[in-house]
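**Student:** sequence first, then the predicted structure:
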Amino acid sequence: MNTRARGAFLTIEGGEGAGKGTILKDLASRLTGAGYRVLETREPGGTPEGLELRQLMLGTKGKVWDSWAELLLMTAARVQHVRRVIEPAIARGEIVISDRFVGSTIAYQGAGQGIPAAEIEDLHHKAVGDLWPDLTVLLDIDPRIGIQRSLARLEQENLDEGRFEAMSLDFHNRVRESFLLQAAAKPGSHAVINAEWPLADVASAVADAAFAWLGKNGKTPTKT
Ligand code: T5A
């Protein structure tokens, strides 16, 4: 009876270099260790088509996207991701953890690029229906610190994905403010964690928030 119970959809959001990728892996490993079936994913990406769009959107060479073009490409990648990866996994009872989701679109294409949040929410609804994260962990960080971390990682891994890092500090401050406003508007589905803490402290605060939400919502481990 319980085998097909709905899983859950967790997202990790935040500005550049907040530690989302690192924390996602840590949280996935803790949840798996506790007996949950976990699917790790990210945006843009998460599907082969999404990965191609990621390269189009994040590369720095000769890319000047109009804000609406950027919004539609992010949304196209999301439709693939939701239909082919996220919804099927939730239906199988898994805990899906995504590094970024529509909260990033509201922050970057909305507050950052100037598209009204209501239009983004309307497009989200039309594109993927009423799928919103059950819990969003917001890793909050001063953009000046996060961008340094992110650029160091991109250089270390020799990745040409720094188009957003190159935006102005004002842009990144608007993005940060939007994430905080989204969390304040829906406190029951958000946990805000200070991403400037040492990594071990951030990781345990995130795990505490996730386990607390799962426990409160009756999401018990499904592995046998
Ligand atoms: N975007 C995305 C939109 O504009 N709209 C959208 O709808 C979506 C979905 C995606 C870009 O696309 C934009 C936003 C982004 O610009 P991305 O790679 O997902 O790109 O995003 P980034 O934030 O650029 O990814 P980063 O990999 O740089 O950041 P993370 O994942 O937040 O950080 P992580 O884990 O890679 O850590 C970065 C470095 O910091 C260290 C890590 O070891 C690593 O070296 N670190 C810490 N160091 C000290 N203390 C801590 N607490 C630390 N946590 C991590």
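**Tutor:** Okay, I see it. Residues are numbered from 1 along each chain as shown.

**Student:** what residues does this protein put near the ligand?
**Tutor:** Residues of the chain found near the ligand (Cβ under 6 Å from any ligand atom) are 14, 16-22, 43-44, 58, 74, 99-100, 104-105, 108-109, 149-150, 153, 161, 164, 195, 197-199, 202. (Each C-beta comes from the backbone N, C-alpha and C, glycine too.)

**Student:** hmm, which of these are the buried ones?
**Tutor:** 14, 16-20, 22, 43-44, 58, 74, 99-100, 104-105, 108-109, 149-150, 153, 161, 164, 195, 202 (16 or more other Cβ atoms under 10 Å).

**Student:** what's the weakest-modelled helix or strand in the chain?
**Tutor:** Lowest mean confidence among the helices and strands of the chain (mean pLDDT, DSSP states H and E): helix 48-58, at a mean of 92.

**Student:** so what touches that one?
**Tutor:** Under the criterion Cβ atoms under 8 Å, 6 or more residues apart in numbering, residues 43-45, 63, 65, 70, 73-74, 76-78, 80-81, 160-164 lie in contact with helix 48-58.

**Student:** out of the buried ones among the residues of the chain next to the ligand, which sit inside strands?
**Tutor:** 14, 99 (DSSP state E).

**Student:** now stretch 178-185, how far from the chain's geometric center?
**Tutor:** Its chain's C-alpha centre and that of stretch 178-185 lie 14 Å apart, by Cα atoms, centre = their mean, to the nearest Å.

**Student:** show the average pLDDT along it.
**Tutor:** Stretch 178-185 shows a mean pLDDT of 98.

**Student:** now it: buried residues?
**Tutor:** 178-179, 182-183.

**Student:** over to stretch 151-170?
**Tutor:** For stretch 151-170, by 16+ other Cβ under 10 Å, it's 153-154, 161-165, 167.

**Student:** which helix or strand contains Val79?
**Tutor:** For Val79, the host element (DSSP states H and E) is helix 67-81.

**Student:** which residues touch that helix?
**Tutor:** By Cβ under 8 Å, 6+ apart, helix 67-81 touches 41, 43-47, 49-50, 53-54, 56-57, 65, 98, 101-102, 104-105, 108-109, 113-115, 120, 123-124, 127-128.

**Student:** for the residue nearest the centre of the chain, which non-adjacent residue is spatially closest?
**Tutor:** Centroid-nearest residue in the chain, with Cα atoms, centre = their mean: Arg100, separated by 1.4 Å. The spatial neighbour of Arg100 that comes closest, neighbours along the chain excluded (Cβ to Cβ, 6 or more residues apart in numbering), is Glu43 at 4.4 Å.
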